[in-house]
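Student: can't give you the sequence, but here's the structure:
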């Protein structure tokens, strides 16, 4: 119970810090919007191609933004030895991880919900009747992404070359999650095949569970030194 | 401690082992290339399968063992486990890279493409990327204890994606041929001779893995001793941090 409170306190601290500095919000919202625009140029003018690429572009934008968000959440704590202070707090290390995960997940889900209509508009993709399921897919996908991103951002927080190292380490791990999320979103937006989307969503939740167990079990070794 | 230069010399028993491995490899290659029957549909191309599948299996074992030794290191903190993990990791990277090269060689004439975004292929490529990340991380951390721990964590996460890789062929029915040997006992859909040749090739790939493991562990131990000796006389800068931590 006490540990659960600790999780919420860490999440609250991160979100409060974010609400005051707006460092992540400013960086991710504009960065992901620009990514959507650039990818739209890359797809060209064919409306069919654009519509089919809409959800892929959305997830690419979300993935890049997620890396920034996760890295920033540890970066902010490196200043003035705040991380050390956080780690001497007598709660399990996993509570710190879960708190940061919660904050990151919240930010990314909000970003996903915000980008969804933008992507739909820019790429001419009708959202249709599966909107609720699509939001579920975004929540499950960003959860899996945040699980890995926060974990590896903690691992690389005090390493040299962390900015380039974080994507190199985490993207291979996160590919199954992105794959399932893109396939599920495409099934909803493209063909409207909700049964297929449901199958991919289940797989996505399965990946989330596995990675949650692995990351929670291993996190105490990540920030030890 | 014996002089490292002397210890770096490969011992006789290991030389004998490598000679035996080479002989066994020659026999297995002869079986695969000459004495095994042609496939009904693939003809002589089936012979690539013996090298490809055996290497892929051992690659999985190597990456899995890297994670196992990493877990042991996290558990016991014994440097020896870290040395074993690195040795197995290098072989894992080597064998999974070979798996991709062999798979491309095999799939171009049989499936008419070098590469397809099939789940099994994708996840094998991911495995290579993960092992590359493992060695990048190792190269960035100077403190041996922290290096061992962090890389063990990376290896364990890498291994967590291994079950997906193995089951992928069943989950996503795509271009990759379904497995002909099921481990759950549901049977083998492969000619008996072919299966025997495949198992022989796998055993030889295992021998090659073991030989290089033993050699690499031998070198790794000397490396660890040299590193410990180099770090010992300096007034440990980590010591101050320890006080703060406690």
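Tutor: Received it, and whenever you're ready, just let me know what you need. Just so we're clear, the structure is a prediction, and the values are computed from it rather than from any experiment.
Student: Please name the residues that touch residue A:89.
Tutor: By Cβ atoms under 8 Å, 6 or more residues apart in numbering or on different chains, the residues touching residue A:89 are A:6, A:96. (Each C-beta comes from the backbone N, C-alpha and C, glycine too.)
Student: for it, phi and psi?
Tutor: When quoted as degrees, to the nearest 10, the phi and psi of residue A:89 stand at phi -60, psi 130.
Student: how much space between it and residue A:83?
Tutor: Per Cβ to Cβ, to the nearest Å, residue A:89 is found 11 Å from residue A:83.
Student: is chain A contacted by the top helix by length along chain B?
Tutor: Scanning chain B for the helix with the most residues, using DSSP state H, yields helix B:192-231. No - figure legend: helix B:192-231 not in contact with chain A (Cβ under 8 Å from any Cβ of the partner chain); closest approach 15.0 Å.
Student: Return the list of helices and strands in contact with that helix.
Tutor: Packing partners of helix B:192-231 (3 or more Cβ pairs under 8 Å, 6 or more residues apart in numbering or on different chains; DSSP states H and E): helix B:4-7, helix B:12-30, helix B:46-76, helix B:79-111, helix B:144-160.
Student: Could you report the pLDDT at the residue nearest to the spatial centre of chain B?
Tutor: Compute the mean C-alpha point of chain B, and by Cα atoms, centre = their mean the closest residue is residue B:92, 2.1 Å away. Looking at residue B:92, its pLDDT stands at 92.
Student: Tell me who's in contact with it.
Tutor: B:59, B:62-63, B:65-66, B:127, B:131.
Student: ok, now with 10 Å
Tutor: Residue B:92 makes contact with B:58-67, B:85, B:127-128, B:130-131, B:134, B:155, B:158-159, B:209, according to Cβ atoms under 10 Å, 6 or more residues apart in numbering or on different chains.
Student: if we can go back for a sec, could you dump the helices and strands packed on helix B:192-231 to JSON lines with distance to residue A:158?
Tutor: Shown next, in JSON lines, are these (distance: least, Cβ to Cβ, whole Å):
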{"stretch": "helix B:4-7", "distance to residue A:158": "32"}
{"stretch": "helix B:12-30", "distance to residue A:158": "40"}
{"stretch": "helix B:46-76", "distance to residue A:158": "19"}
{"stretch": "helix B:79-111", "distance to residue A:158": "20"}
{"stretch": "helix B:144-160", "distance to residue A:158": "10"}
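Student: in stretch A:76-96, what's buried?
Tutor: Across stretch A:76-96, burial judged by 16 or more other Cβ atoms under 10 Å in any protein chain shown covers A:76-77, A:83, A:86, A:91-96.
Student: so how far is residue B:24 from the closest residue to residue B:191 other than its chain neighbours?
Tutor: Excluding the flanking residues, the one nearest residue B:191 by Cβ to Cβ, 6 or more residues apart in numbering or on different chains is residue B:37, at 6.8 Å. Computed as Cβ to Cβ, the residue B:37 to residue B:24 distance reads 21 Å.
Student: Relative to residue B:198, how far out is the residue nearest to residue B:191?
Tutor: 12 Å.
Student: Who has more neighbours out of these two?
Tutor: A side-by-side neighbour count of residue B:37 and residue B:198, using other Cβ atoms under 10 Å in any protein chain shown, places residue B:198 first with 25 against 10.
Student: Verify the stated contact: that one with residue B:57.
Tutor: Yes - in this structure residue B:198 lies within contact range of residue B:57 using Cβ atoms under 10 Å: 9.3 Å.
Student: Poorly predicted segments of chain A, please.
Tutor: Scanning chain A for pLDDT under 70 picks out A:1, A:224-225.
Student: would you list every one of the helices in it?
Tutor: Going by DSSP H, chain A shows helices at A:2-21, A:23-43, A:47-78, A:82-88, A:93-123, A:131-156, A:162-186, A:194-222.
Student: in whichever strand or helix holds residue B:139, what's buried?
Tutor: Taking DSSP states H and E as the definition, residue B:139 sits inside helix B:119-140. If you call a residue buried by 16+ other Cβ under 10 Å, then helix B:119-140 has these buried ones: B:119-131, B:133-134, B:136-138, B:140.
Student: about what we covered before: overlap in contacts of residue A:89 and residue A:83?
Tutor: Each of residue A:96 lies in contact with both residue A:89 and residue A:83 under the rule Cβ under 10 Å, 6+ apart.
Student: Is residue B:114 within a helix or a strand, and which one?
Tutor: Per DSSP H and E, there is no helix or strand for residue B:114.
Student: Understood, closing this out.
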